[in-house]
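> Can you look at this prediction? I've put the sequence above it.
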Amino acid sequence: MNKNNKNNPLLLLINPKIKYNLNKFNFLPPVALGIIADLTPKNWTTLIIDENINPVDELNLQADLVGITTNTLNISRAYEISKKYSDIGIKVILGGSHASAFPDEAQKYATSVVCGEVETIWKNIINDFENDSLKNLYHSNDFQYTEINMQLFDNKYIIDAFETSRGCINNCAFCGVHVPKTRPYTRKPIGMIINELKNSKNQYFSFIDNNFYGNDDEYLISLFESMLKHNIKKYWQTGVSVNFFKNKELVKLSAKAGAKMLFVGFESDTELSLKELSKKNYIDSSNIFQEYKEIVKSCHKNNIIITGNYMIGLDSDNEQRINERTMFFKELKLDQCACVIVTPLPKTKLFNKYKSENRLLYTNFPEDWKKYCYSNSIVKHDTLSNEKIEQLYYEKNKLFQISGLKIFKTIFVTKSIGGFIYFYYFCKNFGKYQNSFIERLLKIFKK
Ligand code: SF4
C-alpha cells in the first residue's frame, strides 16, 4: 500500500510479534491499537497490523505515520520495525508498557515516545504531526475510558477482548502493572461495557484486566446483573485473585453471566514464598492447600474451568522445594496448570532488588530483553544453577501436559463442548496440530 495524500494520511498501528509468547498463538485483539484507531481523526486512513497474524515484512507497507505498541516480550521486534520505517524517513511513535518504562532507550529507535496511557493525548499528538512539530516525548498523566469497537478488527479474531479496569490494588514484586509509576485502580463504567458487548459479534471474549476482581464485589455484582438483564449470552474468561472466591454467590453469579474459565496466578504454595513475591495470594495461611482446593471445587461446582500457574527459581527454593510445590499443584487438580521461572520485569521491585545485588545475568539491553520471557533463568541463584532451574522448568511443565483423560474431565466439568474447546485454546500445552484442529472446531462453534 502506498502513502496517502496530505488530506487523507495513512496511519499504521502495529502490534509486533512476540517471539517467545507463552500461549504459542497470540490471538487476542490488540485492544490498545483499536482504541487509538478510534480516536484518530476521520480524515485519516488507519490500518491495524497484528504481526501475530500478518508480519509487516510480508505486507511491505508504507505509511505517513507509524504507531507501535510495546511490551518487554515484543520490544526487540518493535525496535526492528521502528528502525525499518525510520530509515526510510517515516515517523514512528512508540508507546505501551516497555516504552513507558524505558523512554530513553525507546527514543533511540523512534521519532516520539508516549509514556503512560495515550487516550487523552492522542489527538494532540496527531495535531503535532500535522504541524510537523512532533515532540520526542509525551507524558500522559490523565486517563479516561473510551468504548472499544471490536468491528475495527474486521472479525479476524476468534475471541474479543474487553476491560473493566486499569491498574491494580496490589503490588506484587515481579509485576509491571505499576511501571512506570503507580496509577490509581479505576473501573470502567458498566454502561460502556454493556454497549461494547452488545456491539460485539463474537460469541467468545476475554476480560483482559490486570486485576478483574479488585476486591470490589459490589461492582462485579452490578456488572454480572447488567449482563444478565441485557441478555448478553456469551462465554468469557478472565484472571482473578484468590480472594474472588471468598464470595460463593459472586462465583455463582459470574457463571450465570457466562464465565467459562478463570485463571489464577497462584505463584506459590507457602506463606514464606508468597511473601517473597509480595503476593497477597492466600485467604487462610494456616492451610493454603485446603483454601486452594476449595477454589477448584467452587469453580467446578459452577461448571467453570480453572487454570493457574506457579513460579520456580525463588530465592528460598531448592530442588526439593520445587518438587514439593509441583506436587502441591498436581494434587490441586486444576484443569490446566503451568510452571514459569521467576522473571523480574523491568523496573519492578524484584528487578531493582536483583540489580542492586548484582544478580541479573543479562543486562546488555535492549538485546537481552528477549531473555525476560518466563522460560529463561536470568538471575543468579544461591543454591541452584541456572541450567538446573531451566531443566526443572521443562520437566515440571511436561507433567501438566494435556491428556485424553484431562479433556474428558474438563468436558464433564463444564458440561459444554463449545466452551471447553474455546477455553482450552488458551492453554499453551496444545501442540501445533491440536491448535489447528481446535481452530477449525471453534469456527464451527462460532457460527
Ligand atoms: S500480579 Fe496481578 S495482583 Fe499482583 S500486582 Fe500484578 S496485576 Fe496486581
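Thanks, I have the structure now. Numbering: from 1, shown residues only.
> how many neighbours does residue 141 have?
11 (other C-beta atoms under 10 Å). Every C-beta, even on glycine, is put in place using the N, C-alpha and C of the backbone.
> list the contacts for residue 12?
Going by C-beta atoms under 8 Å, 6 or more residues apart in numbering, residue 12 touches 47, 49, 61, 63, 65, 66, 67.
> Identify the residues contacting the closest residue to it other than its chain neighbours.
Leaving out its chain neighbours, the residue that sits closest to residue 12 by C-beta to C-beta, 6 or more residues apart in numbering is residue 63, at 4.1 Å. Listed by C-beta under 8 Å, 6+ apart, the contact set of residue 63 reads 3, 10, 11, 12, 47, 85, 90.
> could you redo the last one with a cut-off of 7 Å?
Residue 63 makes contact with 3, 10, 11, 12, 90 under the criterion C-beta atoms under 7 Å, 6 or more residues apart in numbering.
> Kindly report the same for residue 66.
Residue 66 is in contact with 12, 14, 85, 90, 92, counting by C-beta under 7 Å, 6+ apart.
> Tell me the strands beside the helix or strand containing residue 14, with direction?
Using DSSP states H and E, residue 14 maps to strand 10-15. Its sheet considered, strand 10-15 pairs with strand 45-50 (parallel), strand 65-70 (parallel) by DSSP bridges.
> Tell me if I am right that residue 72 is in a strand.
No - according to DSSP: H, G, I helix; E, B strand; the rest coil, residue 72 belongs to no strand; its state is coil.
> from the contacts of residue 63, which single one is nearest residue 365?
The shortest approach to residue 365 among those belongs to residue 90, at 25.0 Å (C-beta to C-beta).
> show me where pLDDT drops low in the stretch 1-150 of the chain?
Where the stretch 1-150 of the chain drops to pLDDT under 70, the residues are 1-5, 19-26, 58-60.
> Can you give me the neighbour number for the closest residue to the ligand within it?
Closest residue of the stretch 1-150 of the chain to the ligand, C-beta to the nearest ligand atom: residue 97 (11.8 Å). Summarising burial for residue 97: neighbours were counted as other C-beta under 10 Å, giving 22.
> For it, which non-adjacent residue is closest in space?
Take residue 97 and drop its neighbours on the chain: the residue closest to it by C-beta to C-beta, 6+ apart is residue 71, 4.9 Å away.
> was I right about that neighbour contacting residue 95?
No - assessed by C-beta atoms under 7 Å, residue 71 is found out of contact with residue 95, at 10.6 Å.
> Counting neighbours, go ahead and name the busier of those two.
With neighbours defined as other C-beta under 10 Å, residue 71 and residue 95 compare such that residue 95 has more, 29 against 19.
> rewinding a little: next one: phi and psi at the residue nearest to residue 12?
Note on residue 63: backbone dihedrals following degrees, to the nearest 10 are phi -170, psi 170.
> again with residue 237
Backbone dihedrals for residue 237, given as degrees, to the nearest 10, come out at phi -140, psi 160.
> does it really touch residue 206, like I thought?
Yes - here residue 237 lies in contact with residue 206, judged by C-beta under 7 Å, at a distance of 5.4 Å.
> ok, back up a step: just name the most buried of the strands paired with strand 10-15.
strand 65-70 (a mean of 27; mean count of other C-beta atoms under 10 Å).
> C-terminal to that strand, what's the next element?
helix 75-87.
> Neighbours of residue 88, how many?
When neighbours are counted by other C-beta under 10 Å, residue 88 comes out with 7.
> Kindly report the same for residue 122.
Neighbours of residue 122 (other C-beta under 10 Å): 24.
> From residue 174, how far off is it?
Going from residue 122 to residue 174 by C-beta to C-beta, to the nearest Å gives 30 Å.
> Equivalent analysis for residue 134, please.
35 Å.
> now residue 43
Distance, residue 43 to residue 174, by C-beta to C-beta: 44 Å.
> Residue 352 now?
Distance, residue 352 to residue 174, by C-beta to C-beta: 11 Å.
> These two: which has the busier surroundings?
residue 174 (22 against 13).
> Once you drop chain neighbours, what's closest to residue 268?
Per C-beta to C-beta, 6+ apart, closest to residue 268 is residue 274, 5.1 Å.
> Same question for the strand or helix carrying the one you found: list its buried residues.
Using DSSP H and E, residue 274 sits in helix 271-276. If you call a residue buried by 16 or more other C-beta atoms under 10 Å, then helix 271-276 has these buried ones: 273, 274, 276.
> Likewise for stretch 378-389?
So stretch 378-389, judged by 16+ other C-beta under 10 Å, has buried residues 378, 379, 381, 384, 386, 388, 389.
> Could you check how many residues crowd around the residue nearest to residue 73 when sequence neighbours are not counted?
Spatial nearest neighbour of residue 73, excluding adjacent residues (C-beta to C-beta, 6+ apart): residue 18 at 4.6 Å. By other C-beta under 10 Å, 20 other residues sit near residue 18.
> Do a quick rundown of the strands in this protein.
Secondary structure of the chain (DSSP state E): strands located at 10-15, 45-50, 65-70, 91-96, 112-115, 137-139, 160-162, 165-166, 186-187, 204-207, 235-239, 259-267, 305-312, 336-341.
> Out of the ones you listed, which one sits most buried?
strand 65-70 (a mean of 27).
> With just CA atoms, put it into PDB.
Written as PDB, here are the backbone C-alpha positions of strand 65-70 (Å, rounded to 0.1, in the frame of the first residue of the first chain):
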ATOM      1  CA  LEU A  65       2.900   7.800  10.400                       C
ATOM      2  CA  VAL A  66       3.500   4.500  12.300                       C
ATOM      3  CA  GLY A  67       2.400   3.800  15.900                       C
ATOM      4  CA  ILE A  68       3.800   0.700  17.600                       C
ATOM      5  CA  THR A  69       2.700  -0.800  20.900                       C
ATOM      6  CA  THR A  70       5.400  -2.400  23.000                       C
END
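> hang on, the earlier thing: for the residue of the stretch 1-150 of the chain closest to the ligand, give its distance to residue 120.
The spacing between residue 97 and residue 120, counted by C-beta to C-beta, is 17 Å.
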